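Q: Can you look at this prediction? I've put the sequence above it.
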Amino acid sequence: MTAFSGVHHIALNVRDLDASVRWYGDVLDFAPLFPWNNAGFERQLMRHPSGVVIGLTRHKHEDGDAEFNERRTGLDHLAFTVDTRQELDAWATRLTEAGVTHSGVQDIPEAGFALLAFRDPDGIQLEVFLSQNRSQG
């Protein structure tokens, strides 16, 4: 059987690379690693203290300014996990203090999880996700 050992990174397309780099740094604690640019795009790789790596990408293409739409083929949303309810609640407080509109903590007991949904400056839906079996603590 073939297996994965984890996810290395995810790349998100953005319209304003500088603004997105600032937002992901200020709001979510991602720190710039290094740029990776070519003739078709500008990308800033960023790492969170947890080890999660994202690439924020500004494509140099005529439709690079198109608005995000999770109903099109491609990315629907990106969810980050936390280990405790206290951490999930702390993210809700942090987002509120940062002026980021969010769903509030949503408990979904029938599915065994809770989540907090919000959007980045380009409208990409992000979530902080807590599995019920990790909610102790």
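A: It's in. Numbers count the residues shown, from 1 in each chain.
Q: Give me the distance between the two termini of stretch 98-105.
A: End-to-end span of stretch 98-105 (C-alpha to C-alpha, to the nearest Å): 16 Å.
Q: buried ones in that stretch?
A: Buried residues in stretch 98-105, defined by neighbour count with 16 or more other C-beta atoms under 10 Å: 100, 102, 105. Backbone N, C-alpha and C define where each C-beta goes, glycine included.
Q: gap between the second one and residue 35?
A: Meaning residue 102. As judged by C-beta to C-beta, to the nearest Å, residue 102 and residue 35 stand 29 Å apart.
Q: Please apply the same query to the first one.
A: Residue 100 sits 25 Å away from residue 35, going by C-beta to C-beta.
Q: for the last one, same thing?
A: The gap separating residue 105 from residue 35 is 35 Å, by C-beta to C-beta.
Q: Same question for residue 60.
A: Relative to residue 35, residue 60 is positioned 14 Å away (C-beta to C-beta).
Q: Common neighbours of these two, please.
A: Common neighbours of residue 60 and residue 35, counting by C-beta atoms under 8 Å, 6 or more residues apart in numbering, are residue 42.
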